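Asker: I need the structure of the sequence given here:
(one chain, ligands or ions: 1)
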Amino acid sequence: MFQMKQMSHLDHAPSTPGKFKMEKSYSRLRWHSFTKLTFWSFVFIGLIYILFYRSPSSSPSSTVNPLPSDLSRRSLRTSSWGGPDWEKRVRASSRIRSRNGMSVLVTGAAGFVGTHVSAALKRRGDGVVGLDNFNDYYDPSLKRDRQALLERAGVFIVEGDINDVDLLKKLFEVVRFSHVMHLAAQAGVRYAMQNPGSYVHSNIAGFVNLLEVCKEANPQPAIVWASSSSVYGLNTKVPFSEKDRTDQPASLYAATKKAGEEIAHTYNHIYGLSLTGLRFFTVYGPWGRPDMAYFFFTRDMLKGKSIPIFEAANHGTVARDFTYIDDIVKGCLASLDTAEKSTGSGGKKKGPAQLRVFNLGNTSPVPVTDLVSSLERLLKVKAKRNIMKLPRNGDVQFTHANISLAQRELGYKPSTDLHAGLKKFVRWYLSYYSAGGKKADAR
Ligand SMILES: O=C(O)[C@H]1O[C@H](OP(=O)(O)OP(=O)(O)OC[C@H]2O[C@@H](n3ccc(=O)[nH]c3=O)[C@H](O)[C@@H]2O)[C@H](O)[C@@H](O)[C@@H]1O
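Answerer: Okay, here's the model as predicted:
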């Protein structure tokens, strides 16, 4: 078809004087052009075929085409899944051991919040299956150690990416999950300037992929997922309430989390998926993330290195509503417990479904300088403070959660202040990094 079109185009090409004078060489020329054109047409069609049909990252069943591997960090996805043994492990891990228990798929289970939530669910008798891609955003050995911890508790973490539609479908085939706790994400505010694609890949494409599979599942699960306090962006009204504007994100990270909230609205509206977004406020604690300030301040203070402490214009205080992990876990479990069932099935909505957003903060912002003073006392080390201007890379000056909605609907009541929480973190940090010669400079 393509060749025919090209030929007819050639036929109508304007003539040149020489063409008519030399009939023979003209027809030879025509033949030559024809073969040349046919050749290039095949090359072109072949290229299209390779690009669209043979690309290893797209399968006919994929709903979302994964981004190139440098964006997705999929180089680390060396694991395989499937097979009778694998299914047996998934089923065993999902077994419910308490009356009225739920079966929960926890994405990002080897992450900081994911590990704590998975362990807490398992402890109370719920069935839990984890999913994690073990990417190298920060030291994967910390994730492996969290995995070992969960394994001892009876939680199996499936190794795979939320963009892998076949894997997700398989998981829902093997287990009728009643709930999904979606915590897999590309976290970190400042890293978004270095690797923007990874945020789109995990927080947008991955989320959509997960929702696509959930909406098709029968029964559809109820989904609770991690949004972020960063959606408040440049909002200046404090404390931040769920009703406040969230249309001024200060980082791409925040923008992808905000996009997630809008995407959640869409899937709730069209397919009847029950969705609860949790806006976490700077979560910290044992088994935490090495890319977060409290964690690498601790590491660098112990090494005698100076730590960069940000301050706003005119020596303005930079503060965070730091929230201890155990309080966050309680908020997550309460969200799962109060989540209503999704109303759709097989991709069809049957009626209106629950759609919620909650702040999960501590309601008591603390200046970063006070965080450092607390660490100095706990570590018995004087910090080498390097005060610097808040860089223009996505950070906001302060966060402060209004938690009255979560209090009312979830019975959420944070009970750990920053110093008490840091004390627990420091105890864990010292024992974790002194044991087994582990390196403290994760990442
Ligand atoms: O609340 C949230 O939703 C977000 O909380 C944290 O983001 P952030 O509050 O920026 O946490 P850190 O990176 O640990 O920073 C804490 C504070 O230390 C300050 N900081 C950070 C880094 C640094 O070198 N110096 C410094 O003073 C920051 O400005 C900030 O005020 C997490 O990293 C995000 O993934 C999460 O979504």
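
Asker: The ligand contacts on the protein?
Answerer: The chain comes close to the ligand at residues 187-189, 228-230, 280-282, 292-293, 308-310, 318, 320, 368, 395, 399, as judged by Cβ under 6 Å from any ligand atom. Where C-beta positions appear, they are placed from N, C-alpha and C, glycine not excepted.

Asker: Now list the buried members of the residues you listed.
Answerer: When the residues of the chain next to the ligand are checked for burial by 16 or more other Cβ atoms under 10 Å, the buried set is 187-189, 228-230, 280-282, 292-293, 309-310, 318, 320, 368, 395, 399.

Asker: Sort out for me which of the residues you listed are in helices.
Answerer: 293, 368 (DSSP state H).

Asker: Restricted to strands, list the buried ones among the residues of the chain next to the ligand.
Answerer: 228, 280, 309, 310, 320 (DSSP state E).

Asker: closest to residue 389 among those residues?
Answerer: residue 310 (7.2 Å; Cβ to Cβ).

Asker: so who does the closest one touch?
Answerer: Going by Cβ atoms under 8 Å, 6 or more residues apart in numbering, residue 310 touches 318, 368, 388, 389, 390, 391, 395.

Asker: secondary structure element for residue 185?
Answerer: For residue 185, there is no host helix or strand (DSSP states H and E).

Asker: list the contacts for it?
Answerer: 108, 202, 203, 206, 226, 257.

Asker: Which ones among the residues you listed lie within strands?
Answerer: Going by DSSP E, the strands hold residue 226 from the contacts of residue 185.

Asker: Just the closest of the contacts of residue 185 to residue 85, please.
Answerer: Distance to residue 85 across the contacts of residue 185 (Cβ to Cβ) is lowest for residue 108, with 24.0 Å.

Asker: What ranges does the stretch 301-443 of the chain have for its strands?
Answerer: Taking DSSP state E, counting those that start in this stretch as the test, the strands found in the stretch 301-443 of the chain are 306-311, 319-320, 323-324, 355-360, 366-367, 384-389.

Asker: so what's residue 86 closest to, chain neighbours aside?
Answerer: residue 158 (7.9 Å; Cβ to Cβ, 6 or more residues apart in numbering).

Asker: Pick out the residue nearest the middle of the chain.
Answerer: Centroid check for the chain by Cα atoms, centre = their mean gives residue 185 as the closest residue, at 1.0 Å.

Asker: Now do the spatially closest residue to residue 94 that is not a sequence neighbour against the ligand, distance only.
Answerer: Leaving out its chain neighbours, the residue that sits closest to residue 94 by Cβ to Cβ, 6+ apart is residue 127, at 4.0 Å. According to Cβ to the nearest ligand atom, to the nearest Å, residue 127 stands 28 Å off from the ligand.

Asker: wait, what's in contact with residue 127?
Answerer: Counted by Cβ under 8 Å, 6+ apart, residue 127 has contacts 93, 94, 95, 96, 97, 101, 102, 103, 104, 175.

Asker: now it: how far from residue 92?
Answerer: From residue 127 over to residue 92 the distance is 9 Å, taken as Cβ to Cβ, to the nearest Å.

Asker: how about stretch 180-195: buried residues?
Answerer: Going by neighbour count (16+ other Cβ under 10 Å), the buried part of stretch 180-195 is 180-189, 191-192, 195.

Asker: Kindly apply the preceding question to stretch 286-294 instead.
Answerer: In stretch 286-294, the ones that count as buried by 16+ other Cβ under 10 Å are 286, 287, 288, 289, 290, 291, 292, 293, 294.

Asker: Pull it out as PDB, backbone CA atoms only.
Answerer: Extracted C-alpha coordinates of stretch 286-294, given in PDB (Å, rounded to 0.1, in the frame of the first residue of the first chain):
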ATOM      1  CA  PRO A 286      13.500   3.200  62.800                       C
ATOM      2  CA  TRP A 287      14.100   1.600  59.500                       C
ATOM      3  CA  GLY A 288      13.700   5.000  57.900                       C
ATOM      4  CA  ARG A 289      14.800   6.400  54.600                       C
ATOM      5  CA  PRO A 290      18.500   7.300  54.200                       C
ATOM      6  CA  ASP A 291      17.600  10.100  51.800                       C
ATOM      7  CA  MET A 292      15.700  12.000  54.500                       C
ATOM      8  CA  ALA A 293      17.400  14.800  56.500                       C
ATOM      9  CA  TYR A 294      17.000  13.300  60.000                       C
END
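
Asker: neighbours around residue 207, how many?
Answerer: When counting by other Cβ atoms under 10 Å, one arrives at 26 neighbours for residue 207.

Asker: distance of it from residue 251?
Answerer: 17 Å.

Asker: got it, and residue 225?
Answerer: 19 Å.

Asker: Chain neighbours aside, what residue packs nearest to residue 346?
Answerer: residue 218 (5.6 Å).

Asker: actually residue 228, not the one I typed
Answerer: Here the nearest residue to residue 228 in space, its sequence neighbours aside, is residue 257; by Cβ to Cβ, 6+ apart that works out to 4.3 Å.

Asker: Could you verify my assumption that the one you found touches residue 233?
Answerer: No: using Cβ atoms under 8 Å, residue 257 makes no contact with residue 233, being 10.2 Å away.
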